[in-house]
Every structure is written in C-alpha cells, then in structure tokens.
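Student: just need the structure, nothing else, for what follows:
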Amino acid sequence: MKLDTMKGLRRSHYCGEVPNEPQEVVVCGFADRVRDMGNLIFINLRDRTGLVQLAFNDNTDRAVFEKAQQVKSEFVLMAKGMVQKRESVNKKLKTGEIEIIVTDLRILSKAETTPFEVTNSDKVNEELKLKYRYLDLRNPNLQKNMIMRHKIAQVTREYFYQNGFLEIETPMMMKSTPEGARDYLVPSRVHAGKFYALPQSPQIYKQLLMVSGYDRYIQLARCFRDEDLRADRQPEFTQIDLEMSFVDAEDIQECIEGYVQTLFKQVLDVEIKTPVERITFADSMSRFGTDKPDTRFGMEICDITNAVKDIDFVVFKSAIEQGGSVRAINVKNGADVYTRKAIDKLIEHAKGIGAKGLAYIRWADEPNCSFKKFLADGDLERICEATDAQKGDLVLICADKDNVVLPTLGALRLICAKKLEIIPEGQYNFVWITEMPFFEKDEETGEWIAMHHPFTMPMEECLEYLDTDQGNVRAKAWDLVLNGTELSSGSMRITDFELQQKMFEALGMSDEEIEAKFGFLVDAYRYAAPPHGGMGIGLDRLAMIMCKAESLRDVVAFPKVQNASELMSACPSEVDEKQLDELHIKTVVEE
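Tutor: Numbering: from 1, shown residues only. Modelled structure (predicted):
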C-alpha cells in the first residue's frame with residue numbers, strides 16, 4: 001500500500017471539536033473503529049479530544065471509497081469533507097449529532113494488528129499494557145488523565161506566578177546528603193571514584209535561594225528516591241516545590257489553601273472550603289489511628305480504658321498495667337454486614353498489623369460479646385455507652401500499647417468504611433496535620449532519629465527538651481492530607497547557625513560529618529538568612545486523586561513497575577565495558 005502525504009491539506013479542527021453546523025473541515029487521527037457495510041463505510045476517527053464519524057457512501061468518489069475499504073484499526077488518517085447531521089444520533093459522543101461526508105482521504109501510516117484493542121485496554125493484563133505503553137497511552141481514559149495532569153501543572157504555575165513566586169531550576173546532579181531514602185547515584189567520569197546524587201528533593205538548594213534573597217521560589221521539580229514501590233509511589237516523581245521568606249507557618253498554609261481552592265475550581269469546578277481544618281498530630285493519631293486521616297466519614301476511635309479498667313479480663317488488664325490503652329471503633333450498622341466469619345477476617349488483619357487479637361460486640365438482635373464471660377453487671381452497658389453502640393452496630397476493641405492499638409483500629413476503620421460503602425464519592429476533605437513530632441525512636445537501636453530533614457525548626461517551647469526529653473519535642477512542621485492521602489510535608493527552617501549546630505549534634509552527627517555533608521549550607525547561614533519555610537506537594541499523587549485513578553501509573557506517561565524497571569524499554573539495562581571503564585566502575589556478579 002502506497003502511503004499518502006499531508007501535502008495540500010492542513011488540519012482545521014480536532015475530532016472532538018468539529019462544529020455542529022455544515023462546513024468543510026479537515027481532521028486527523030487514528031482509526032478507532034471501521035464498519036464496512038458494502039455500499040456504506042463508517043470510520044470513527046479518534047484523537048486526544050474525542051471521536052468523530054467519517055462517512056463514505058454511493059456519492060463518494062470511487063477512489064476515495066476504495067481507499068476507505070483498506071483502512072484498519074489504528075491506521076493514521078487525514079480526511080477532508082463536509083459536516084452534516086447524522087440520521088442516527090449517538091448521545092454518548094460529543095460529536096454524536098454530526099458526521100463528515102469525506103471528499104479526500106489520506107492514509108498517512110498503516111498499523112499492524114495491535115496486541116490488544118486500544119480503546120478496551122482497561123481489561124488487558126497490566127504487564128502487556130506497560131510493554132506497549134505507547135499503545136495504551138492512546139486509550140481515551142489515559143489521555144484524559146494526561147490532559148488533566150497538564151491542566152494541573154498549568155494552573156499551578158499560573159497561581160504561583162500571580163502570587164509573586166519565581167520559577168527557578170535547581171541542579172539534577174547534586175551532592176549526596178541524607179534525606180530519608182536511598183539516593184540514585186551518578187558516577188563521575190572526570191572525578192574517579194566520586195558520585196553525584198539525583199535529588200530526593202531540592203531542599204538544600206531552595207533554602208540557599210532564600211539565603212540569596214529570592215524570597216518566593218517555585219519549581220515543578222523532578223525528584224528521585226531508590227525505595228520500594230507502592231500504588232502511590234514511583235522512583236521518580238514530580239514535586240510542586242516552594243519556599244517563602246519572611247513568613248510563618250500560617251502564611252505558607254494560607255497560600256497553599258488559596259492554591260488548592262483555585263486548582264479544584266479551575267480543573268474540576270469543585271469548591272474547596274477554607275480555612276482548611278487543622279488537627280494536631282497527637283489528635284489525629286488518637287481519633288483516626290493515622291497521621292493521614294480520611295475525614296470524609298466518622299467512625300472515630302474512642303478511648304474506653306476507663307470504662308473497662310475494672311473488668312476482670314486479662315487482655316484489658318495487662319494492656320492497662322503496661323501503660324497501654326483499650327480503644328474501640330463503632331462500625332455503625334455493621335452487625336448485619338459482618339458475620340462471625342467476616343469478623344474472623346478482621347481479626348486476622350489486625351494480627352497482621354501487629355495486634356495480638358481483637359475483641360468485639362456484635363449487636364444484632366441482642367449484644368453478642370466475645371468476652372462476655374468476664375463481664376459483671378453493668379459492664380456491657382458502660383462499654384456500649386462509651387462507644388455509642390446501639391442495635392445493629394458492631395464494636396471492634398483493641399488493647400495494647402498505643403503504637404499498636406491506634407494503627408490497628410485506624411486500618412480497620414478504613415476497611416469497614418469501604419465494606420459498608422459509606423465513603424462519599426466526589427468529596428474532597430483537606431486537612432492540615434500540625435505539631436509533628438521532631439524525633440522518632442528507632443525500635444531496633446533505641447536511638448532518636450529525625451522524622452524530618454535536619455533543617456526543620458522545633459517549636460520554641462520545646463527547645464528546652466532537646467537534650468532531656470526528645471520524645472516531647474514538636475516541630476514547626478505540617479502535612480497536607482487529602483482524603484487519607486498525604487500530599488505534602490512542610491516546615492519552617494532553622495536559620496540560626498548555633499541552633500542548627502545543636503540540632504545536628506542532637507541527631508548524633510559529629511563535626512566532621514556535619515562539615516562533609518552540610519558544610520556549604522552551614523557556611524551560608526554565617527552570612528545571615530531570612531526566616532523562611534516551605535513545602536513540597538506531590539503532583540503525581542494530587543493528579544491521581546483528581547483523576548480518580550487507582551495508581552500513579554495511570555497519571556504518569558511512562559511509569560516503572562514494582563521492581564523499578566520499565567517494561568517498555570527494558571531498563572535498567574547492562575552497558576558495555578568501555579562505558580564502565582570510562583566511569584572507573586567494575587560490576588560484581590552475585591553468586
């Protein structure tokens with residue numbers, strides 16, 4: 001088959017934007033579906049805006065008609081013709097009331113039979129789709145996601161530009177510094193045995209920009225972390241990175257509230273109420289069992305320690321005596337949904353998180369309590385009153401140390417909410433989690449380590465605890481959470497040279513280690529730095545939620561799989577010995 005050229009024709013309209021009125025148009029795209037009915041041929045032509053129907057009939061030039069007979073799915077076409085009303089309207093299409101009577105058809109590229117039907121790729125094996133990602137990206141659902149991601153980036157830039165931010169690029173190859181995850185390293189050809197690191201974030205550079213007097217910085221920054229993947233994680237990702245000088249935490253949060261309000265209105269036409277609710281880290285853990293709570297529904301955790309402290313049940317008594325607590329969630333109207341068999345699955349799930357077990361009260365016709373034989377008169381009533389349990393409810397109870405009880409009930413809260421289908425669709429609940437702990441204890445070593453990067457400012461009232469009570473030190477740090485997903489972390493930064501030195505020491509860093517890893521930043525602070533703080537918002541996660549996608553793969557053009565490889569291009573891959581020699585590298589084969 002001889003292929004045509006575009007010579008003499010120029011596209012006048014996208015397929016999904018052909019006007020609903022008689023006129024001559026030129027459209028381009030992929031053949032989505034071909035229906036050859038003998039004396040009639042219909043071709044649905046598809047581009048990123050949608051579909052339009054091309055029609056060929058007895059009045060069509062014979063050469064054009066015969067060319068249409070050769071068209072197969074995914075051929076690349078260009079067509080000129082007159083727009084006219086369709087006899088049978090397709091209400092599912094934006095252009096469903098019209099069709100194009102083709103007078104000139106160009107076959108620009110032909111396609112072999114594809115490994116799967118592009119428009120039905122949602123039902124295809126994930127690995128096959130990722131191997132042929134360029135085909136899957138033709139799927140209208142994925143294209144819709146990519147277009148929305150573009151709009152998110154566009155609105156983002158416009159909002160921050162209008163609010164006085166400067167977009168400044170920071171290096172993609174930098175010094176390796178500890179930021180919580182493994183670095184991707186880039187060997188230097190010129191400096192034998194030395195390495196650059198791909199940035200986990202532009203953290204140090206954006207702070208240096210504040211030192212340099214650029215008081216409002218923004219960047220859609222590419223970041224890299226060598227860590228295990230999940231549905232909401234990729235080894236390379238995009239961060240809406242910002243930093244502001246001469247502000248406090250409330251100024252930064254107010255700016256971001258304006259951003260999400262503008263973004264959701266312009267992209268989804270959804271109103272976001274501000275100010276966004278603020279919950280302290282401690283309250284979030286106590287109420288929801290997590291520091292990234294989904295607040296679209298209730299079922300909050302309640303502390304029933306006082307209500308059960310006199311019950312002669314060893315599980316409760318032991319937990320209380322060891323400084324733990326007894327807590328519960330009331331799964332409203334859960335008694336009918338959760339049979340004994342279903343409750344057993346919840347118990348197994350709780351054990352998988354770390355709990356020793358799970359007690360329960362299932363109130364169908366009568367309250368059925370799993371620890372009934374230990375109850376005295378009035379005990380059951382006190383528990384039901386403490387949990388607001390009524391007929392039809394299921395109460396799940398966990399007793400242990402708080403670091404076991406809270407995440408266990410937090411996870412069960414989400415499982416039960418999904419099972420009961422009480423999480424409202426189309427609702428976007430933002431929440432600020434504030435007063436984050438500065439340190440967390442390493443369970444293996446018993447040492448206190450920073451929960452955030454070492455430049456985070458502690459709250460003033462906690463400075464006295466730095467050396468004596470590290471578990472009580474709270475940071476001027478916050479997270480932005482949307483529907484149970486953490487979108488962003490932010491903080492005020494340390495700008496006092498002496499305090500920064502003290503924080504390094506509190507983290508167990510020697511003077512030599514400080515100089516080797518952060519010497520240039522510490523030196524910069526010697527020349528004065530304005531008070532500043534900032535955030536990094538995950539663009540990929542934000543797009544995933546706004547697109548209602550199940551995975552980051554659905555909003556990233558060319559994603560990696562769980563082992564950080566890309567199936568389409570088969571990377572990472574081996575390189576030849578010459579390249580390795582130039583980089584002063586030898587590979588070791590594991591036996």
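Student: quick one: low-confidence parts of the stretch 51-200 of the chain?
Tutor: 178-180 (pLDDT under 70).
Student: can you show me the helices along it?
Tutor: Ranges of helices within the stretch 51-200 of the chain are 62-69, 126-131, 133-136, 140-162, based on DSSP state H, counting those that start in this stretch.
Student: what residues of stretch 251-264 count as buried?
Tutor: By neighbour count on 16 or more other Cβ atoms under 10 Å, the buried set for stretch 251-264 is 252-253, 255-257, 259-264. Any C-beta I mention is one placed from the backbone N, CA and C, and that applies to glycine too.
Student: got the end-to-end distance for stretch 430-438?
Tutor: Stretch 430-438 has an end-to-end distance of 23 Å (criterion: Cα to Cα, to the nearest Å).
Student: which SSE is residue 556 in?
Tutor: Of the helices and strands defined by DSSP states H and E, none includes residue 556.
Student: give me the neighbour count for it.
Tutor: Residue 556: 20 surrounding residues under other Cβ atoms under 10 Å.
Student: could you do residue 574 as well?
Tutor: By other Cβ under 10 Å, 8 other residues sit near residue 574.
Student: wasn't it part of a helix?
Tutor: No. The assignment for residue 574, made by DSSP: H, G, I helix; E, B strand; the rest coil, is coil rather than a helix.
Student: give me the phi and psi for it.
Tutor: phi -70, psi 150 (degrees, to the nearest 10).
Student: follow-up on the earlier one: closest to residue 308 out of the buried residues of stretch 251-264?
Tutor: Proximity of these to residue 308 (Cβ to Cβ) peaks at residue 253, which lies at 39.0 Å.
Student: doesn't residue 276 make contact with that closest one?
Tutor: Yes. Here residue 253 lies in contact with residue 276, judged by Cβ atoms under 8 Å, at a distance of 7.5 Å.
Student: which residues do these two both contact?
Tutor: residue 432 (Cβ atoms under 8 Å, 6 or more residues apart in numbering).
Student: and of the buried residues of stretch 251-264, the nearest to residue 507?
Tutor: When the buried residues of stretch 251-264 are compared against residue 507 (criterion: Cβ to Cβ), the nearest one is residue 252, at 24.2 Å.
Student: so the closest one sits in a helix?
Tutor: Yes. Under three-state DSSP, residue 252 falls within a helix.
Student: my guess is it contacts residue 243. True?
Tutor: No. Counting by Cβ under 8 Å, residue 252 does not reach residue 243; the two are 9.1 Å apart.
Student: give me the common contacts of these two.
Tutor: What both residue 252 and residue 243 touch, as defined by Cβ under 8 Å, 6+ apart, is the set 533-534.
Student: so which of the buried residues of stretch 251-264 comes closest to residue 556?
Tutor: residue 263 (18.8 Å).
Student: tell me the contacts of the closest one?
Tutor: Taking Cβ under 8 Å, 6+ apart, we find residue 263 in contact with 152, 155-156, 159.
Student: sketch out the low-pLDDT regions of the stretch 451-591 of the chain for me.
Tutor: 452, 461-469, 471, 591.
Student: show me what residue 41 is bridged to.
Tutor: Under DSSP bridges, the beta-bridge partners of residue 41 are residue 36, residue 56.
Student: contacting residues around it?
Tutor: Shown in contact with residue 41 (Cβ under 8 Å, 6+ apart): 34-35, 55-57, 65, 68-69.
Student: quick one: which of these has the most company?
Tutor: Using other Cβ under 10 Å as the neighbour test, the contacts of residue 41 are led by residue 56, with 28 neighbours.
Student: before we move on, the earlier item: counting only helices, which of the buried residues of stretch 251-264 make the cut?
Tutor: Here DSSP state H is the test, and the buried residues of stretch 251-264 give 252-253, 255-257, 259-264 as lying in helices.
Student: now tabulate the residues you listed in a markdown table and tack on pLDDT and distance to residue 94.
Tutor: Shown next, in a markdown table, are these (pLDDT from 0 to 100; distance: Cβ to Cβ, whole Å):
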| residue | pLDDT | distance to residue 94 |
| --- | --- | --- |
| 252 | 97 | 41 |
| 253 | 97 | 40 |
| 255 | 98 | 37 |
| 256 | 98 | 35 |
| 257 | 98 | 34 |
| 259 | 98 | 30 |
| 260 | 98 | 29 |
| 261 | 98 | 29 |
| 262 | 98 | 27 |
| 263 | 98 | 25 |
| 264 | 98 | 24 |
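Student: which of these sit farthest apart?
Tutor: 252 and 264 (18.9 Å).
Student: helices of the stretch 301-450 of the chain, residue ranges please.
Tutor: For the stretch 301-450 of the chain, applying DSSP H, counting those that start in this stretch gives helices covering 305-308, 314-321, 340-353, 379-387, 402-420.
Student: closest to residue 291 out of those helices?
Tutor: The closest of these to residue 291 is helix 402-420. By Cβ to Cβ, the value is 9.5 Å.
Student: quick one: end-to-end distance for stretch 267-277.
Tutor: 22 Å.
Student: for that stretch, what is the average pLDDT?
Tutor: Stretch 267-277 shows a mean pLDDT of 96.
Student: what of stretch 340-347?
Tutor: 94.
Student: quick one: the strands in the stretch 401-550 of the chain, in order.
Tutor: Assigned by DSSP state E, counting those that start in this stretch, the stretch 401-550 of the chain shows strands spanning 430-434, 439-441, 448-450, 477-482, 485-492, 532-538.
Student: now the first one against strand 485-492, angle please.
Tutor: Counting by axes from the mean of the first three to the mean of the last three Cα atoms, to 10 degrees, strand 430-434 points 40 degrees away from the direction of strand 485-492.
Student: direction included, what does strand 430-434 pair against?
Tutor: strand 277-280 (parallel), strand 477-482 (antiparallel).
Student: residues contacting residue 382?
Tutor: Neighbour list for residue 382: 307-308 [criterion: Cβ under 8 Å, 6+ apart].
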